[in-house]
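S.K.: Show me how the following folds:
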Amino acid sequence: MTIIDLDDRDARIMYSYGWSQGGSPPDYNHTISYTSTQGAQFTFVFLGTSIRVFGTLAATTFPNTSYSIDNGEPVLFFGEPPTQMQYRRNFFSSPDLTYGTHTLVGTCVDEGGLVYLDYMEVETPALSIASGSANSRPLPSLPTESQPSLSGLSSISLLTTASMTGPMVSTTLPLSSATITNWGSRPSDVSAAPPSMFKSRLTPSATAIIGGVTGGFALAVIAWAIHLGYRRWQGRKFVALIPRRQSFSSLTSLAYSA
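M.R.: Residues are numbered from 1 along each chain as shown. This next block holds a predicted model:
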């Protein structure tokens with residue numbers, strides 16, 4: 001899981017009337033939004049599995065607020081005024097939510113009580129991506145010695161995401177499986193198929209094409225050689241059939257002898 005920090009100045013937080021802005025070095029990013037108007041609200045739509053709201057407790061006022069997730073029952077926060085300013089106090093923590101888009105609405109309950117909104121934390125799966133001015137920080141991982149080894153497992157669990165905002169599918173397969181193929185969210189979706197899969201399928205046909213071309217070329221060469229030999233043989237046969245001319249001297253000798 002990943003925790004994403006969102007400052008009170010994040011453009012995705014929508015404020016109603018009655019809010020002002022300020023800040024000091026102890027505040028997150030040195031900024032804060034505040035109101036003392038009863039009914040003043042902020043609205044934030046987020047993608048994740050939980051959310052937490054942090055603010056500042058002033059030493060003189062009661063920052064009473066309510067928080068509602070997806071139009072659910074409001075949860076009230078009654079802040080006791082401390083002896084001195086307290087920063088980054090947790091005002092609200094949502095229960096575990098199903099992964100998806102949710103809407104948080106915070107409301108100032110009392111008139112005159114200063115409510116200081118500093119920042120929020122959104123918990124989301126590690127594979128999701130948050131845009132905007134948010135800062136993401138992964139949860140601490142297990143120490144190396146406490147992480148399990150795959151050598152003692154008979155199966156592995158594959159966690160795949162069809163799309164960045166789509167559902168996640170968990171599949172358990174035996175380690176003895178020779179090939180694990182995941183092409184996407186649909187069996188017909190081959191756009192995400194690994195190149196090696198296409199290569200293994202195309203190799204036999206490519207070999208057959210090369211073999212066919214080579215064989216055809218060899219047959220053409222053999223046919224051409226046979227044709228050339230046949231023409232030479234025909235030429236020799238024609239020359240053998242032509243009677244040899246006698247020389248003039250031999251003809252003269254025959255004439256005198258006659």
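
S.K.: Please tell me I have it right and residue 52 contacts residue 93.
M.R.: Yes. If you go by CB atoms under 8 Å, residue 52 and residue 93 touch, sitting 4.7 Å apart. Quick note: C-beta positions are derived from backbone N, CA and C, even for glycine.

S.K.: Now do the phi/psi pair for residue 69.
M.R.: phi -110, psi 120 (degrees, to the nearest 10).

S.K.: so which helix or strand takes in residue 220?
M.R.: For residue 220, the element it lies in under DSSP states H and E is helix 195-241.

S.K.: quick one, helices of the protein?
M.R.: 195-241, 248-257 (DSSP state H).

S.K.: thought residue 39 was touching residue 108?
M.R.: Yes. Look at residue 39 against residue 108 with CB under 8 Å: they come within range, at 6.7 Å.

S.K.: Now tell me which helix or strand of this structure has the poorest mean pLDDT.
M.R.: strand 155-161 (a mean of 39; mean pLDDT, DSSP states H and E).

S.K.: what's across from residue 120 in the sheet?
M.R.: With DSSP bridges applied, residue 120 shows beta-bridge pairing to residue 6, residue 53.

S.K.: now it: how far from residue 213?
M.R.: 66 Å (CB to CB, to the nearest Å).

S.K.: which of the two has more neighbours?
M.R.: Neighbour count, other CB atoms under 10 Å: between residue 120 and residue 213, residue 120 has more, with 26 against 10.

S.K.: How about the contacts made by that one?
M.R.: Shown in contact with residue 120 (CB atoms under 8 Å, 6 or more residues apart in numbering): 5, 6, 13, 44, 51, 52, 53, 54, 104.

S.K.: Now, of these, which are buried?
M.R.: 5, 6, 13, 44, 51, 53, 54, 104 (16 or more other CB atoms under 10 Å).

S.K.: Format those residues as TSV; extra columns: distance to residue 81 and pLDDT.
M.R.: What follows is the buried ones among the contacts of residue 120, written out as TSV (distance: CB to CB, whole Å; pLDDT from 0 to 100):
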residue	distance to residue 81	pLDDT
5	27	94
6	27	94
13	26	96
44	26	97
51	26	97
53	19	97
54	17	96
104	25	98
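
S.K.: which among the contacts of residue 120 gets closest to residue 24?
M.R.: Each of those was checked against residue 24 using CB to CB; the closest is residue 54, at 14.9 Å.

S.K.: So residue 41 sits against residue 106, correct?
M.R.: Yes. Using CB under 8 Å, residue 41 makes contact with residue 106 at a distance of 6.4 Å.

S.K.: These two: which is more packed in?
M.R.: More neighbours surround residue 106 than the other of residue 41 and residue 106, with 24 against 19 (other CB under 10 Å).

S.K.: Distance of the more buried one relative to residue 35?
M.R.: Taking CB to CB, one finds residue 106 at 10 Å from residue 35.

S.K.: Also residue 222?
M.R.: For residue 222, the distance to residue 35 - CB to CB - is 95 Å.

S.K.: domain assignment for this protein?
M.R.: 2-137, 195-242 (automatic domain parsing).

S.K.: Kindly compare burial across these and name the winner.
M.R.: domain 2-137 (a mean of 16; mean count of other CB atoms under 10 Å).

S.K.: Contacts only, for the closest residue to residue 36 other than its chain neighbours.
M.R.: Nearest residue to residue 36 in three dimensions, chain neighbours excluded: residue 114, at 5.0 Å (CB to CB, 6 or more residues apart in numbering). Neighbour list for residue 114: 34, 35, 36, 58, 61, 63 [criterion: CB under 8 Å, 6+ apart].
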